[in-house]
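Student: sequence first, predicted model second:
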Amino acid sequence: MTTQGELKNKKIAVLMGGLSAEREVSLKTGQAVLKALLENDCDAVAIDVDRDLPGQLRAVAAELAFICLHGRYGEDGTVQGMLEMMHIPYTGSGVMSSSMVMDKVVTKQILLYHEISTPGFVVYRAGDDPAEVMKRCRHFPLVVKPAREGSTIGISIVHDRAELEAGLDEAMKHDDLVLIEDFIQGDEVTVSVLNNEPLPIIKIVPKSGFYDYASKYTPGQTEYLLPAPLEAVLYNRLQEVSVAACKALSCRGAARVDFMVREREFFCLELNTIPGMTETSLLPKAAAAAGVSFNELVMQMLADAGLNK
């Protein structure tokens, strides 16, 4: 890892905004990270990413990149690959890890290979016969979601075949690969992992009953129980499995692992390689509970910046 003294001598580009459906959240994350870097006396500058990112990076003579891009082109290995080619060290996971985690189908296949439980699922691709997919969906409710989007964009909980058809139509507006997943009735919890160490677990209790986009990003719409009120054995096991999932998918720096807990069972839903850093985001809450301030969290994430991950 790079020392803080060395980091302060580097020109740091904070990559934010971007081209994905999560642009607005990315801008908030980027501004919060930029503020922390400047408060830590770093030489940092914001870049609102467009299609000429190489030119934008050259214009500011960037030596390090702090990636705050959520969703496509930022979280899927695309920008990581470009930074590798430009030989600019960057925060977070590498090209392959980012690509795998962004694809929820690939993530679930790797979790199953490593014997980490995840809800049962069916995959629907553009061109598939909807009637054949319907036949494979024998029970309800189900969760229908684009396989390569975040922030619950395009997601539906469906209770019958008519709703399933509508859910597929909605998800296909965002991706031509759709995940149809068993709905797990239980408690949603999330485990943040920072440099291979688990942080305190958060239980998520949305007032609407569903942790959707509004619940995630509107202050006051969700209650966060920290640490999550779980039995000690289950709590410790969730932390262990979170670290194992991150290792299985080669995650680096900061990541977040989401679960549904039903009594003493748990099911891994997905991972996130660029967790949000907004006022309602979960990673900063978990870090604070572990005694790590927001500014210190940002510096720890930056210290892991590198290439060939």
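Tutor: Everything's here; your move.
Student: which parts of the protein are helices?
Tutor: For the chain, applying DSSP state H gives helices covering 4-7, 23-39, 53-59, 78-86, 95-102, 104-113, 130-136, 161-172, 213-217, 232-248, 282-289, 294-303.
Student: and stretch 255-263, what's buried?
Tutor: Taking 16 or more other Cβ atoms under 10 Å as the basis for neighbour counts, the residues of stretch 255-263 that come out buried are 255, 256, 257, 258, 259, 260, 261. All C-beta spots, glycine's among them, are computed from the backbone N, C-alpha and C.
Student: count the neighbours of the spatially closest residue to the fourth one that is not a sequence neighbour for me.
Tutor: I take that to be residue 258. Nearest residue to residue 258, sequence neighbours excluded (Cβ to Cβ, 6 or more residues apart in numbering): residue 269, at 4.5 Å. Residue 269: 21 surrounding residues under other Cβ atoms under 10 Å.
Student: ok, residue 133 next?
Tutor: Using other Cβ under 10 Å, the number of residues around residue 133 comes to 18.
Student: what sits against residue 63?
Tutor: With contacts defined as Cβ atoms under 8 Å, 6 or more residues apart in numbering, the neighbours of residue 63 are 10, 11, 12, 88, 89.
Student: same deal with residue 275?
Tutor: For residue 275, counting by Cβ under 8 Å, 6+ apart, the contacting residues are 192, 254, 255, 256, 281, 282, 283.
Student: wait, residue 104 touches residue 147, no?
Tutor: Yes - using Cβ atoms under 8 Å, residue 104 and residue 147 qualify as a contacting pair, with a distance of 4.8 Å.
Student: identify the contacts common to these two.
Tutor: With Cβ under 8 Å, 6+ apart, residue 104 and residue 147 have common neighbours residue 179.
Student: just the ones of the contacts of residue 275 in strands?
Tutor: 192, 254, 255, 256 (DSSP state E).
Student: could you check how far the last one is from residue 141?
Tutor: Computed with Cβ to Cβ, to the nearest Å, the distance linking residue 256 and residue 141 is 25 Å.
Student: for the third one, same thing?
Tutor: Counting by Cβ to Cβ, the gap from residue 255 to residue 141 is 28 Å.
Student: related to what we said a few turns ago, between the ones in strands among the contacts of residue 275, which is closest to residue 306?
Tutor: Of all these, the one with the least separation from residue 306 (Cβ to Cβ) is residue 254, at 14.0 Å.
Student: show me what the closest one bridges to in the sheet.
Tutor: Beta-bridge partners of residue 254, counted by DSSP bridges, are residue 194.
Student: tell me the contacts of it?
Tutor: With Cβ under 8 Å, 6+ apart as the criterion, the residues that contact residue 254 are 92, 192, 193, 194, 195, 275, 283, 297, 300, 301.
Student: okay if I get these as a markdown table plus pLDDT?
Tutor: As requested, those are arranged in a markdown table below (pLDDT from 0 to 100):
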| residue | pLDDT |
| --- | --- |
| 92 | 97 |
| 192 | 98 |
| 193 | 98 |
| 194 | 97 |
| 195 | 95 |
| 275 | 95 |
| 283 | 97 |
| 297 | 97 |
| 300 | 96 |
| 301 | 96 |
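Student: for residue 153, which of the helices of the chain is the nearest?
Tutor: Using Cβ to Cβ and comparing the helices of the chain, the one that lies nearest residue 153 is helix 213-217, at 6.7 Å.
Student: what's the spacing between the residue lying closest to residue 260 once chain neighbours are set aside and residue 263?
Tutor: The spatially closest residue to residue 260, leaving aside those adjacent along the chain, is residue 184, at 3.9 Å (Cβ to Cβ, 6+ apart). Taking Cβ to Cβ as the measure, residue 184 falls 11 Å from residue 263.
Student: low-confidence stretches in the stretch 151-300 of the chain?
Tutor: Under the criterion of pLDDT under 70, the regions of the stretch 151-300 of the chain flagged as low confidence span 151, 208-218.
Student: ok, 90 please
Tutor: Low-confidence segments of the stretch 151-300 of the chain (pLDDT under 90): 151-154, 161, 165, 169, 172, 175, 206-222, 263-264, 278-280.
Student: can you list the domains in the protein?
Tutor: With automatic domain parsing serving as the domain definition, the record reports that the chain contains domains spanning 4-92, 100-117+185-296, 121-182.
Student: and these as TSV, adding distance to residue 307?
Tutor: Shown next, in TSV, are those (distance: least, Cβ to Cβ, whole Å):
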stretch	distance to residue 307
domain 4-92	5
domain 100-117+185-296	11
domain 121-182	24
